[in-house]
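Enquirer: turn this into a structure:
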Amino acid sequence: MMKQLLTVLISLLLTHTIYAQMDTIQFKPHPIAIALHGGASNVKNMNLTPSQDSSYRKALSEAVEIGYDILKKGGKAIDAVTATVVFLENNPLFNAGKGSVFSADTTIEMDAAIMGGKTLKCGAVCGVHSIKNPILAARRILDTSQFVMLSGKGAEKFAAEQGLEIVNPEYFKTDFRWQQFLKLKNTDTTHLDNEIKGFVNPLDENKFDKYGTVGCVAIDVRGNLSAATSTGGVINKKYNRIGDSPIIGAGTYANNKTCAVSCTGKGEDFIRLVAAHDISALMEYGHFSLKKAVNFVVKKKLVEKKGRGGCIAVDKHATIQMAFTTSGMFRASIDKNGRKTIAIYENE
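Expert: Below you'll find the predicted structure:
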């Protein structure tokens with residue numbers, strides 16, 4: 001009897017192994033791709049020194065490799081974009097996490113969002129002061145919460161209960177961002193917005209990254225898309241202003257039917273246009289290609305509204321598209337052929 005039972009068990013084990021091997025053989029990995037941005041700016045006016053230029057490119061290169069390594073090993077797109085944005089949040093070069101800008105009341109207020117294209121599940125936080133990595137809080141909302149967006153103290157309480165790292169707000173304050181703020185603290189930001197659009201700017205405000213954001217989009221071997229965005233918001237902002245980054249469909253969106261998008265720029269314009277979702281909708285209902293949809297929203301609709309910024313996107317075919325209305329956008333990508341691109345200026 002024992003011998004018969006052992007024979008049956010061995011037979012079942014061999015059958016399971018054969019089917020598992022068949023699944024492996026039949027599974028055809030989807031092409032992978034990843035793209036990220038570190039903010040759209042009038043970089044020609046930033047006068048980056050060779051050392052600064054090198055530092056930005058090195059950080060962009062390291063960030064995109066982090067996400068791509070996860071994808072290469074068969075990891076999920078949502079894990080790749082999370083890890084990439086965490087790295088960017090921890091780097092003071094970028095206006096997110098550690099490098100966030102100061103609000104008018106000298107506090108630092110951060111926003112972040114993440115979305116998965118397969119399930120359309122998403123999570124977002126806004127107006128947080130003490131969560132070391134806001135994107136991790138957004139991710140935890142996506143994974144565990146019945147809600148989509150949490151703000152301020154409630155978001156921070158949730159993050160703490162989830163075991164995420166909470167830090168003293170002083171952690172986020174850097175001398176570089178403080179010096180930027182001091183040049184603007186007694187100015188009218190609305191007036192400065194007009195100056196950015198072409199009027200005389202006595203403060204040379206274009207040398208400062210008012211609208212910087214970081215973001216990442218990716219597609220994994222299963223064909224699942226994901227997008228993540230994180231920001232320190234607008235320098236010298238008032239009244240707890242919230243931009244597009246944490247708003248699903250405005251600054252962040254992913255849908256396996258179409259694409260994943262992360263935006264950067266003046267958030268109010270992207271909110272009005274519901275820009276990230278609009279790109280997806282043009283593809284789904286208008287049958288636009290990714291390139292046509294991105295250019296239509298960024299190069300036409302955003303320009304018509306005198307908007308400022310850009311986006312990165314990857315579609316269900318692992319095609320990458322990046323477009324912006326500024327003179328440059330800090331960006332990096334590794335396409336489905338494994339080709340790596342690092343760029344800052346418009347014509348790179």
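Enquirer: need the contact list for Met283.
Expert: 257-259, 289-290, 293, 315 (CB atoms under 8 Å, 6 or more residues apart in numbering). (C-beta placed from N, C-alpha, C; glycine too.)
Enquirer: out of those residues, which are buried?
Expert: Among the contacts of Met283, those buried by neighbour count (16 or more other CB atoms under 10 Å) are 258-259, 290, 293, 315.
Enquirer: list just the nearest of the contacts of Met283 to Gly215.
Expert: Cys259 (13.5 Å; CB to CB).
Enquirer: circling back to that earlier point, nearest to Ile114, of the contacts of Met283?
Expert: Cys259 (15.4 Å).
Enquirer: check contacts around Asn168.
Expert: Asn168 sits next to Ser130 when contact means CB under 8 Å, 6+ apart.
Enquirer: look up how far Ile344 lies from it.
Expert: Distance, Asn168 to Ile344, by CB to CB, to the nearest Å: 33 Å.
Enquirer: in the stretch 1-150 of the chain, where is pLDDT below threshold?
Expert: 1-27, 44-46 (pLDDT under 70).
Enquirer: now the helices: where do they sit in the stretch 151-300 of the chain?
Expert: All helices of the stretch 151-300 of the chain, identified by DSSP state H, counting those that start in this stretch, fall at 152-161, 175-184, 189-196, 267-273, 275-286, 290-295.
Enquirer: save the ones you listed as JSON lines, and put in mean pLDDT and distance to Asp244 too.
Expert: Listed next are the helices of the stretch 151-300 of the chain as JSON lines, based on pLDDT from 0 to 100; distance: least, CB to CB, whole Å:
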{"stretch": "helix 152-161", "mean pLDDT": "98", "distance to Asp244": "17"}
{"stretch": "helix 175-184", "mean pLDDT": "89", "distance to Asp244": "21"}
{"stretch": "helix 189-196", "mean pLDDT": "38", "distance to Asp244": "15"}
{"stretch": "helix 267-273", "mean pLDDT": "96", "distance to Asp244": "4"}
{"stretch": "helix 275-286", "mean pLDDT": "98", "distance to Asp244": "7"}
{"stretch": "helix 290-295", "mean pLDDT": "98", "distance to Asp244": "16"}
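Enquirer: tell me which of those helices lies nearest to Pro134.
Expert: Comparing the helices of the stretch 151-300 of the chain against Pro134 with CB to CB, the closest turns out to be helix 152-161 (8.3 Å).
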